[in-house]
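**Student:** Got a predicted model here, sequence first, then my questions.
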Amino acid sequence: MPILGTVASQFSSKPFGSYESIASATGTGASGVITFSSIPATYKHLQLRMILRSTDVGGNAGPILRINSDSASNYNYHIVEGNGSSLTSGSSANASFLTFGNCPAGGTTAGTFGSFTIDILDYADTNKFKTTRSIFGYDYNAGPYALIDLTGGSWRSTSAISTISLTMFTGSNFAQYSHAALYGIKGA
């Protein structure tokens, strides 16, 4: 048997890197909060996959994330954002939430949503702070509006994550058909 075949067969039976659905939520336009609670501590990492739109009447609104109901200044993040013609960056060292970019709102092209993928690393490890990384983007298909954001962040706590809450920074609701899904990623 070729060496490559032997290596491939050794890895095919291991669950490392496999994803399992934990929970999901769909926006109705009447709620501004999505909460995932009682998150089991049986995975290595978590991943949030979301398509979001806000009911805010403006052009953009950003979702924010809090962990274990912590609204103190225990978060930090860095964002790099490109819109096709310029590049900007921003950061916060003592924020009361994590943010991952803006999503389309009521003042934008109808039917457009922002797409987010957020990894939460070592979420159940009680020996370290929690780290996040994300990618986000949208395109209005009209006008000059298109964005892509890369974000890194952390929650400065060694507590295991059992609850994740999402709200809109502007206080608006998640538009109808917004969707958030939480996955557990198995370790070795």
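**Tutor:** All right, it came through fine. Computed from a predicted structure; not experimentally measured.
**Student:** What's the separation between the residue most central in space within the chain and residue 29?
**Tutor:** For the chain, the residue nearest the mean C-alpha position is residue 118 (3.3 Å; CA atoms, centre = their mean). Applying CB to CB, to the nearest Å, the value for residue 118 to residue 29 is 23 Å. Where C-beta positions appear, they are placed from N, C-alpha and C, glycine not excepted.
**Student:** Just the local confidence number for the residue nearest to the centre of the chain, please.
**Tutor:** Note on residue 118: pLDDT of 96.
**Student:** Doesn't it lie inside a strand?
**Tutor:** Yes. Under DSSP: H, G, I helix; E, B strand; the rest coil, residue 118 falls within a strand.
**Student:** need the helices for this protein, in chain order.
**Tutor:** All helices of the chain, identified by DSSP state H, fall at 3-12.
**Student:** hmm, which helix or strand of the chain has the shakiest average pLDDT?
**Tutor:** The weakest-scoring helix or strand in the chain, judged by mean pLDDT, DSSP states H and E, is helix 3-12 (a mean of 44).
**Student:** which residues touch the residue nearest to the centre of the chain?
**Tutor:** 47, 48, 50, 65, 100, 132, 133, 134 (CB atoms under 8 Å, 6 or more residues apart in numbering).
**Student:** Verify the stated contact: the third one with residue 101.
**Tutor:** No. Under the criterion of CB atoms under 8 Å, residue 50 lies out of contact with residue 101, with a separation of 11.0 Å.
**Student:** Now do the shared contacts for those two.
**Tutor:** With CB under 8 Å, 6+ apart as the test, residue 50 and residue 101 both reach residue 116.
**Student:** Between these two, point out the one with more neighbours.
**Tutor:** Neighbour count, other CB atoms under 10 Å: between residue 50 and residue 101, residue 50 has more, with 26 against 22.
**Student:** Could you report the pLDDT at the more buried one?
**Tutor:** 95.
**Student:** Distance of it relative to residue 94?
**Tutor:** 25 Å.
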